[in-house]
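**Student:** My questions are about this predicted structure, shown below with the sequence.
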Amino acid sequence: MMYGFGDDQTPYKESVELVEEIMVDYVVQTMEKAIASATSRGGKPTTEDLIFLVRKDPKKFSRVRELLHLQQEIAAARKGFDVDDTAAGAS
């Protein structure tokens, strides 16, 4: 991730640890908010809870939507392969 944003190909261990700590903290805090939102509704956290949390940040909102769309495309492609494998095995 750091290399993709312009860092050296082999960054300092301390830099990697710092970025990892920041990312883990962000993910944990975001999921805690999503869980709190879902619990207040009496359910489990869903992707809609995550979308709700990032709705005011256009970049994050767009990225979440893009990743969810890609997930659907991958699931459909896998389903297509599963059907092809099943049909090939039956012949």
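**Tutor:** Here it is on my side, so go on. Residues are numbered from 1 along each chain as shown.
**Student:** Number of residues surrounding Gly42?
**Tutor:** Per other C-beta atoms under 10 Å, the neighbour tally for Gly42 reads 6. C-betas here are computed from N, CA, C, even on glycine.
**Student:** Over to Leu50?
**Tutor:** 18.
**Student:** for the one 10 residues further on, same thing?
**Tutor:** Here the neighbour count serves as a burial measure; for Lys60 (other C-beta under 10 Å) it reads 15.
**Student:** shift numbering so it begins at 86
**Tutor:** Shifting the count to begin at 86 puts that one at Lys145.
**Student:** contacting residues for it?
**Tutor:** By C-beta atoms under 8 Å, 6 or more residues apart in numbering, the residues touching Lys145 are Val139.
**Student:** Let's see the pLDDT reported for it.
**Tutor:** For Lys145, the pLDDT comes out at 94.
**Student:** Assign it to helix, strand or coil.
**Tutor:** helix (DSSP: H, G, I helix; E, B strand; the rest coil).
**Student:** How about the backbone phi and psi for Gly127?
**Tutor:** Main-chain torsions, Gly127, degrees, to the nearest 10: phi 80, psi 30.
**Student:** how close does Asp110 get to Val104?
**Tutor:** Asp110 sits 11 Å away from Val104, going by C-beta to C-beta, to the nearest Å.
**Student:** er, Pro130 actually
**Tutor:** Pro130 is 25 Å from Val104, by C-beta to C-beta.
**Student:** buried sites along the lowest-mean-pLDDT helix or strand in the chain?
**Tutor:** Sorted by mean pLDDT, DSSP states H and E, the helices and strands of the chain end with helix 143-175, the least confident at a mean of 85. By neighbour count on 16 or more other C-beta atoms under 10 Å, the buried set for helix 143-175 is Val149.
**Student:** Please state the offset of that helix from the chain centre?
**Tutor:** Relative to the centre of its chain, helix 143-175 is centred 14 Å away, using C-alpha atoms, centre = their mean, to the nearest Å.
**Student:** which residues sit against stretch 146-166?
**Tutor:** The contact list for stretch 146-166 (C-beta under 8 Å, 6+ apart) reads 132, 135-136, 139-140.
**Student:** Fine by me, we can end here.
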